[in-house]
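Asks: no sequence on hand, only this structure:
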């Protein structure tokens, strides 16, 4: 007989579906209209703040909106998902270690072009836009691409892991799902370096979420997205 779901499991299913449908819907819209979005975002004749806002809305829709809706619906504070001081250093160091294979791939494959934290398509345009637009623009970039992109994985991983718990210390359904989604949501190919990128990306995302789970702290996820993932 099919096991009857508890009230908590039903709520977690609802939460996960809200996140999945929100993220998937925005991503599908971007996939269909991506060329138009990019054309406007990269058009230097348009105001930089409007281009940034459009870019930020799409990014937040994919990585941030779903978890925000769920947290508001459940009246859950972000601190419940590891935004605490306890074990923050342990979380950051562990997440950085997990990204070492990915860093090696970037350098060895010749893709390293310079280091710039919070680097997106129009970061330089924002920085060169003058005060106060540059300050406002960088604040938006830090919040959307720095904070939410990393924290999004932490919340989704927690929600999935709570719904589908495992007894293993090193195997986690939430971390696995997030690592696979990260790979699928970013361009990849099956060449030698493409396979290396897939493998190192998986190690990075899965590893940082296992560290997050063990440390019960999500600052490591946020740190690596600020200073590694969106900096190279």
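Replies: Noted; the coordinates are in hand. It should be emphasised that the depicted structure is a prediction, and the values quoted were computed from it without experimental measurement.

Asks: mind listing what the most centrally placed residue in the chain touches?
Replies: Centrality entry for the chain: nearest residue to the mean C-alpha point is residue 149, 3.0 Å, by Cα atoms, centre = their mean. Counting by Cβ atoms under 8 Å, 6 or more residues apart in numbering, residue 149 touches 59, 63, 64, 225, 229, 230. Heads up, the C-betas are built off the backbone N, CA and C, glycines and all.

Asks: cool, and residue 198?
Replies: 183, 188.

Asks: in terms of pLDDT, where does it sit?
Replies: With respect to pLDDT, residue 198 has a value of 96.

Asks: with residue 57 as the reference, measure out to it.
Replies: Distance from residue 198 to residue 57, counting by Cβ to Cβ, to the nearest Å: 29 Å.

Asks: picking up where we left off before, take the contacts of residue 149 and keep only those in helices.
Replies: residue 59 (DSSP state H).

Asks: ok so, going back, which element is the residue nearest to the centre of the chain on?
Replies: Counting by DSSP states H and E, the element that carries residue 149 is helix 149-163.

Asks: buried stuff in the longest helix belonging to the chain?
Replies: In the chain, taking DSSP H as the definition, the longest helix is helix 7-41. In terms of neighbour count (16 or more other Cβ atoms under 10 Å), helix 7-41 has its buried residues at 11-12, 15-16, 18-19, 22-23, 26-27, 30, 37, 41.

Asks: do the same with stretch 162-170
Replies: Those would be 162, 163, for stretch 162-170 by 16+ other Cβ under 10 Å.

Asks: what does the average pLDDT come to for it?
Replies: 92.

Asks: quick check: end-to-end length of it?
Replies: 15 Å (Cα to Cα, to the nearest Å).

Asks: and for stretch 59-73?
Replies: End-to-end distance (Cα to Cα), stretch 59-73: 21 Å.

Asks: can you give me the buried ones in it?
Replies: Buried residues in stretch 59-73, defined by neighbour count with 16+ other Cβ under 10 Å: 59, 60, 61, 62, 63, 64, 65, 66, 67, 68, 70, 71.

Asks: out of these, which comes closest to residue 97?
Replies: Lowest distance from residue 97 to the buried residues of stretch 59-73 (Cβ to Cβ) belongs to residue 63, with 23.2 Å.
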